[in-house]
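[1] Build the 3D model from these lines:
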Amino acid sequence: MGEKPRLLILYASQTGNAQDAAERIGREAERRCCHARVVSMEDFDVRHLPNEALVIFVVSTTGQGDPPDSMKAFWKFLLMRSLGQLWLEGMLYALFGLGDSGYHKFNIVAKKLDKRLSDLGAHPIIERGLGDDQHRSGYEAALDPWLTLLWITLKDKFSNLFGEGADFSDSEMRYLDPPKFRIIYHDKMKVKSVDESFPNGEKDILDEWIERGRAHAMVEAANNSNKSINMPGHSPKPHCLARMIENKHLTAKNSERDVRHIEFDLGCSGIHYEAGDVLEVMPRQNAVAVDAFIKRCCLDPDAYITVEATNSSKPFQGRDKGSLPSQTPVKLRTLVESTMDIASASPRRYFFEVMSHFVTAEHEKERLQYFASPEGRDDLYQYNQKERRSVIELQYGFVLVKFHPTRTCGPPAKDQGKNATVLASQLQTRFLRK
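    Numbers count the residues shown, from 1 in each chain. Coordinates of the predicted model:
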């Protein structure tokens with residue numbers, strides 16, 4: 001073959017699982033000396049898709065067979081009748097879908113995308129993979145063997161895709177991937193306080209809201225450092241802070257389901273919504289857990305920091321001219337409390353791999369690497385997801401773990417919200433996203 005093909009990984013994720021799978025594919029490609037680009041569909045100009053020789057798609061199915069929000073504009077374009085049967089002629093692809101067999105339209109988005117790509121002239125290099133949340137190991141039960149087949153196929157058909165010396169038999173856990181983010185510390189005496197910026201504000205509430213707003217803006221900036229905001233059909237998420245005024249249980253205390261009636265004070269934000277709209281709620285962390293996490297990491301909670309992407313040479317420019325500067329330093333404690341889920345969500349499999357590089361005892365390292373391996377996948381599910389262990393619990397569970405501050409503070413800049421659905425028009429929220 002002539003020119004070395006590029007590996008593009010396009011994903012569409014609603015809750016972060018598809019993004020996590022796409023980033024794993026990107027990491028494994030880099031470890032095999034293959035340069036890969038991992039891009040959300042909402043940030044890729046679909047008009048340039050015919051220029052790509054090799055694409056890996058990772059998409060999830062949400063709700064009752066709906067595509068993720070980040071895929072809707074991409075999918076709408078692919079359905080245009082003006083695209084001929086040869087529009088993607090010459091493009092090769094592989095596709096992995098994430099779904100839940102508990103729903104009737106299991107992985108329907110991946111299946112439809114697979115068919116449409118073929119209808120437009122593209123050719124699959126391997127059979128599509130379909131992950132199932134109902135499996136005891138989740139979608140990774142299907143992703144592990146699918147990835148093994150993918151690398152074998154790419155090695156056979158695109159040997160020049162990988163650099164010289166690429167070792168496909170390597171354990172892949174010997175090396176720690178470079179961090180995506182860097183933490184910059186600032187002199188406390190030189191940081192302008194919120195009080196000085198808003199001398200007439202309501203201090204107790206305003207200070208907290210503005211500081212949290214800065215933290216979220218900083219995290220979004222780090223994650224979007226290389227994203228274009230002028231893509232066709234792209235509409236940024238509205239962000240605003242609200243006070244919860246009611247939180248009432250609708251199910252019995254001993255019920256397996258936890259259904260609640262929640263109301264937020266919308267104030268005069270001007271945000272509109274309709275019944276059935278999806279919102280993302282980013283609640284604050286438990287104060288005790290935040291303090292324990294910071295202490296375990298040996299960090300200064302009152303330090304002023306900014307977060308930047310390691311691959312970005314320019315500071316992020318806010319999308320809205322009226323928004324607060326995204327690079328205004330914030331307290332480390334505010335960043336942890338506002339943007340990191342350390343006390344409720346179970347960490348992903350890659351977290352255990354990263355942890356294995358920060359232990360001093362060999363038996364702890366082996367245990368962590370086992371959990372991060374395909375062989376230990378089922379045991380990890382039992383230990384992690386089923387027991388619902390949190391990040392803070394794992395920190396103290398592996399007592400010999402010694403995190404480096406940039407490793408501790410870097411990964412959280414994912415800013416993953418909790419999804420909910422607006423059930424009635426009376427529900428008011430400032431976190432709404434239609």
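[2] Double-check N107 against L95; I have them as touching.
    No: using Cβ atoms under 8 Å, N107 is not in contact with L95; the gap is 10.2 Å. For the C-beta atoms, the positions are set from N, CA and C on the backbone; glycine is no exception.
[3] what about the strands in the stretch 251-400 of the chain?
    Remark: strands assigned in the stretch 251-400 of the chain by DSSP state E, counting those that start in this stretch are 260-265, 278-281, 304-309, 330-331.
[4] Out of those, flag the one nearest A22.
    strand 304-309 (16.9 Å; Cβ to Cβ).
[5] tell me the average confidence for that closest one?
    Regarding strand 304-309, the rounded mean pLDDT is 82.
[6] what are the pairing partners of that strand, and which direction each?
    Within its sheet, strand 304-309 is paired with strand 181-186 (antiparallel), strand 330-331 (antiparallel), according to DSSP bridges.
[7] just checking, what packs against the host helix or strand of L147?
    Per DSSP states H and E: L147 is located in helix 140-157. Helix 140-157 sits against helix 17-31, strand 92-99, strand 129-132, helix 377-380, with contacts defined as 3 or more Cβ pairs under 8 Å, 6 or more residues apart in numbering; DSSP states H and E.
[8] Of the ones you listed, which stretch is the most buried?
    strand 92-99 (a mean of 25; mean count of other Cβ atoms under 10 Å).
[9] E393: neighbour count?
    For E393, the neighbour count with other Cβ atoms under 10 Å is 18.
[10] Tell me which of the helices and strands packed on helix 140-157 approaches R260 most closely.
    Taking Cβ to Cβ, helix 17-31 is the member of those nearest to R260, at 23.6 Å.
[11] could you give the angle of the closest one to strand 92-99?
    Between helix 17-31 and strand 92-99, the angle comes out at 140 degrees (axes from the mean of the first three to the mean of the last three Cα atoms, to 10 degrees).
[12] and whichever helix or strand comes after helix 17-31, which residues are buried?
    Counting by DSSP H and E, the next helix or strand C-terminal to helix 17-31 is strand 36-40. Using 16 or more other Cβ atoms under 10 Å as the test for burial, strand 36-40 gives 36, 38-40.
[13] just how off-centre is stretch 183-194 within its chain?
    Relative to the mean C-alpha coordinate of its chain, stretch 183-194 is positioned 28 Å out (Cα atoms, centre = their mean, to the nearest Å).
[14] who's in contact with D100?
    D100 makes contact with 61, 106, 132-134 under the criterion Cβ atoms under 8 Å, 6 or more residues apart in numbering.
[15] What ranges does the stretch 251-400 of the chain have for its helices?
    Using DSSP state H, counting those that start in this stretch, the helices found in the stretch 251-400 of the chain span residues 287-296, 332-339, 349-355, 362-371, 377-380, 391-397.
[16] just to revisit the earlier point, of all the helices and strands packed on helix 140-157, which one is nearest A275?
    A275 lies closest, by Cβ to Cβ, to one member of these: strand 92-99, at 25.4 Å.
[17] elements contacting that closest one?
    helix 17-31, strand 54-60, helix 108-119, strand 123-124, strand 129-132, helix 140-157.
[18] do you know which of those lies nearest F293?
    helix 17-31 (21.2 Å).
[19] coming back round to it: distance to L368 for the strands paired with strand 304-309 - can I get that in TSV?
    Formatted as TSV, the strands paired with strand 304-309 follow (distance: least, Cβ to Cβ, whole Å):
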stretch	distance to L368
strand 181-186	22
strand 330-331	31
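[20] Comparing these, which comes out most buried?
    Highest mean neighbour count among the strands paired with strand 304-309 (mean count of other Cβ under 10 Å): strand 330-331, with a mean of 24.
[21] Tell me how far it lies from the chain's centre.
    The answer for strand 330-331 is 23 Å, by Cα atoms, centre = their mean.
[22] Excluding chain neighbours, what is closest to F77?
    V46 (4.6 Å; Cβ to Cβ, 6 or more residues apart in numbering).
[23] Now do the one you found against M91, distance only.
    Counting by Cβ to Cβ, to the nearest Å, the gap from V46 to M91 is 12 Å.
[24] what's the answer for R6, then?
    Counting by Cβ to Cβ, the gap from R6 to M91 is 12 Å.
[25] Looking at those two, which is more packed in?
    Neighbours per residue, other Cβ under 10 Å: of R6 and M91, the larger number sits with M91, 19 against 15.
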